[in-house]
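Visitor: I need the structure of the sequence given here:
(one chain, ligands or ions: 1)
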Amino acid sequence: MSESTTIRWEQDETGVVTLVLDDPNQSANTMNQAFRASITAIADRAEAEKDSIRGIVYTSAKKTFFAGGDLKDMIKAGPEDAQAIFESALEMKRALRRIETLGKPVVAAINGAALGGGYEIALASHHRVALDAPGSKIGLPEVTLGLLPGGGGVARTVRLMGITDALLKVLLQGTQYNPKRALDNGLVHELAATPEEMLAKARAFIDAHPESQQPWDVPGYKIPGGTPSNPRFAANLPAFPANLRKQLNGAPYPAPRNIMAAAVEGSQVDFETALTIESRYFTELVVGQTAKNMIQAFFFDLQAVNSGANRPQGIAPRKVRRVAVLGAGMMGAGIAYSCARAGIEVVLKDVSAESAAKGKAYSEKLCAKAVAKGRTTQEKADALLALITPTGDVADLAGCDAVIEAVFEDTALKHKVFQEIQHVVEPDALLCSNTSTLPITVLAEGVERQADFIGLHFFSPVDKMPLVEIIKGGRTGDEALARAFDLVRQINKTPIVVNDSRGFFTSRVIGHFINEGVAMIGEGAEPASVEQAAAQAGYPAKVLSLMDELTLTLPRKIRNETRKAVEEAGGTWTSHPGELVIDRMVDEFGRTGRSGGAGFYDYAEDGRRGKLWPGLREHFTKPGTDIPFRDMQERMLFAEALDTVRLVEEGVLTSVADANIGSILGIGFPAWTGGVLQYVNGYEGGVAGFVARARELAATYGERFTPPALLVEKAERGEVFTDAAS
Ligand code: NAI
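Guide: Presented below is the predicted three-dimensional model:
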């Protein structure tokens, strides 16, 4: 019998065995080789000592119950590891299954987060009691990493709640529930307010159910809601993949497809076979590229970015207490709400008290909605709103230790508002501008303390968008950068850090996506195909509809300013073919986008988007234009990736993780790629394959696809984009 090194066996005099998950080598328990061996050893011992056991309780000695799979191992797995992965997944599942079917009651006392593998251990228990701890999360988020729950999670949720609920509530979205919502949705059986109560409830279950077994092990059990062998269910079955395709818009995410197949196929066979089917689909995902991309981005890169890999070292963390938000328009109103939600006092200043009050009304609306939906209480909403003071009077900004400016996009106006307030706020207040395009170094010239001036670029709608791009100006000090970073974390957003440049990273790169999509209209492509190409490449917003949202006049304005700056600096400006289309749309047809009531799409009176404007086909489409669909998609993806590489070359971007996370969370670069530089790394044939394809695109569609020198060098040296010290 092998030994359990990560699970402690604690048996009391009444025969209740508590299995304490406690890996001595990790701060949180994750599923690795030691855990798999331990579970097998525990199953052996439980079988050998069965007669002395009255019941079993799983719990953890860590803050979290169990953190999930070992992603460090998974990201390295290649096709040659497939058999070993398949077998070790099965080994772990068999051990859990042996404990589950021992004939003794098994309870999970979930003392903290139980995500992925952790919740799968809980699912292998007959009863689940969760500690109602703040911040605790329960669920199977594997799909968000391009994986499926390979520890019995598919087989058991399907049997617990039926195929449809398992797919919709747990598996396909990867929703992470707080304990209360986990209870409401049937993921756990009861909650406990304290650890003592949790263990007492676990024992009470054992006392009351000495013969307990899983519902699916009771003879005659049927999966709730039916299975494909039931004719009524079978009649609905074809709608499943169709709905999924619709939901994914044709984007290349293999995980949802595998999850659905494992759920449906597994529902038609016995439990053991279902576990094998699940392991097969799991293995296919683990050895594939998409899971590697998504694990890299959503686990490793996100962690690096949020933990401050890019924050200057040695500067003590500081919290903002009272922030001045200048400009209560769309962005200022959202910024005020996000700050107040994090408990920061906000003074929201506009040209008059009335306009400032309009900005606060936005928070009132969001709060009312949250209360109506049960996401917060009236008391909490009132407390949030009490933190926001709208004003038209500069004097009210006294005592603010940070300023976030969001007035109109105009350098002179921005200089003026900073001049007005710089001696009113605290003498060392952090000074931030939410400009989306204006150089920070130039804006900083409007204040006396240039070292304290920094760009804090939020995305719209601020309350929903998780990213903030921090822009370090030419004279910004490290202290300001550290404080800006801390402020972004304080409001629970993800900060990326870039150096100053026109359009920074996000605004500049998204411009290439749009220009490329629009250029295809100019070449005569079918507008609906261009939209479909973006959707099927995995972009959350189709290119022409995004253009309409941003307005067609905005890129024109930015382009003209950039062109002027380039020419003044002695450079030459190369027009992008997309620009001509935008110019014609605005000048010839007066279509400026959604806010103007007409753009690439038609809009109803109330602003609802209608159909693509038929005039596009009349004025631009050339029948017979044949841009291969893959080229359409790759032109958009490559245009963004190539410009990102240029930004690395120019020193605007200094972190690969920032580029990847910023591209996904800020500008909708498809998540399956793992982010814009991971897309280059993971392209078929690696960086060299990407370079070869860029050259092909350059030969067919223009010089702008010529790979930059840095990329060619990387390909020649066999390197990838990484932050890891080489
Ligand atoms: P907006 O037009 O909705 O709001 C601007 C607000 O500034 C108005 O309420 C106006 O009354 C106020 N304002 C003008 N002069 C002022 C003064 N002297 N003192 C106080 N308030 C004054 O504009 P929006 O969209 O909120 O943009 C604000 C800034 O954020 C701009 O720099 C913009 O480039 C930037 N930004 C905009 C994004 C967007 O998606 N709209 C995204 C990221 C940044």
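Visitor: hey, let's count contacts and neighbours off CA atoms from now on
Guide: Will do.
Visitor: where does F669 land on pLDDT?
Guide: F669 carries a pLDDT value of 97.
Visitor: my bad, should have said R559
Guide: 86.
Visitor: what separates it from T389, distance-wise?
Guide: Using CA to CA, to the nearest Å, one gets 37 Å for the distance from R559 to T389.
Visitor: which residues of the stretch 1-150 of the chain fall in helices?
Guide: 33-48, 71-76, 82-100, 117-123 (DSSP state H, counting those that start in this stretch).
Visitor: looking at those helices, which is closest to the ligand?
Guide: For those, proximity to the ligand was assessed by CA to the nearest ligand atom; helix 71-76 is nearest, at 34.4 Å.
Visitor: which strands and helices sit next to that closest one?
Guide: Under the contact definition 3 or more CA pairs under 8 Å, 6 or more residues apart in numbering; DSSP states H and E, helix 71-76 sits against helix 289-295.
Visitor: so who does A537 touch?
Guide: Each residue near A537 by CA atoms under 8 Å, 6 or more residues apart in numbering is listed here: 250-252, 633, 670.
Visitor: residues in the protein within reach of the ligand, list them.
Guide: Neighbours of the ligand within the chain, by CA under 6 Å from any ligand atom: 326-332, 349-351, 406-409, 417, 434-436, 457-460.
Visitor: from the residues you listed, which would you call buried?
Guide: 326-329, 331-332, 349-350, 406-407, 417, 434-436, 457-459 (16 or more other CA atoms under 10 Å).
Visitor: So which of these belong to helices?
Guide: Of the positions in these, 331-332, 417 sit in helices, assigned by DSSP state H.
Visitor: and which of those residues is nearest the ligand?
Guide: Distances from the ligand to those, taken by CA to the nearest ligand atom, are shortest for M331, at 3.6 Å.
Visitor: Could you check the pLDDT of the closest one?
Guide: So, for M331, pLDDT stands at 97.
Visitor: and it, what is it in contact with?
Guide: 406, 458, 460-462.
Visitor: In those, find the pair that's most separated.
Guide: A406 and P461 (13.6 Å; CA to CA).
Visitor: measure stretch 433-447 end to end?
Guide: By CA to CA, the extent of stretch 433-447 from end to end equals 12 Å.
Visitor: Okay, buried residues for it please.
Guide: In stretch 433-447, counting by 16+ other CA under 10 Å, buried: 433-441, 443-444, 446-447.
Visitor: Format those as TSV; extra columns: pLDDT.
Guide: Formatted as TSV, the buried residues of stretch 433-447 follow (pLDDT from 0 to 100):
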residue	pLDDT
S433	98
N434	97
T435	95
S436	90
T437	88
L438	91
P439	93
I440	97
T441	97
L443	97
A444	98
G446	95
V447	97
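Visitor: Give me the subset of the residues you listed that lies in strands.
Guide: The strands, defined by DSSP state E, take in S433 from these.
Visitor: between the buried residues of stretch 433-447, which is closest to R280?
Guide: Relative to R280, and with distances defined as CA to CA, the nearest of those is S436, at 47.0 Å.
Visitor: now that closest one: how far from L160?
Guide: For S436 relative to L160 (CA to CA), the value is 49 Å.
Visitor: got it, and T101?
Guide: Distance of T101 to L160, given as CA to CA: 16 Å.
Visitor: same deal with L413?
Guide: According to CA to CA, L413 and L160 sit 60 Å apart.
Visitor: Settle it for me: which of these two has more neighbours?
Guide: The neighbour count for L413 versus L160, taken as other CA atoms under 10 Å, is higher for L160 (19 against 14).
Visitor: Could I get the contacting residues of the more buried one?
Guide: L160 is in contact with 166, 215, 223-224, counting by CA under 8 Å, 6+ apart.
Visitor: And Q422, by the same measure?
Guide: 447-448.
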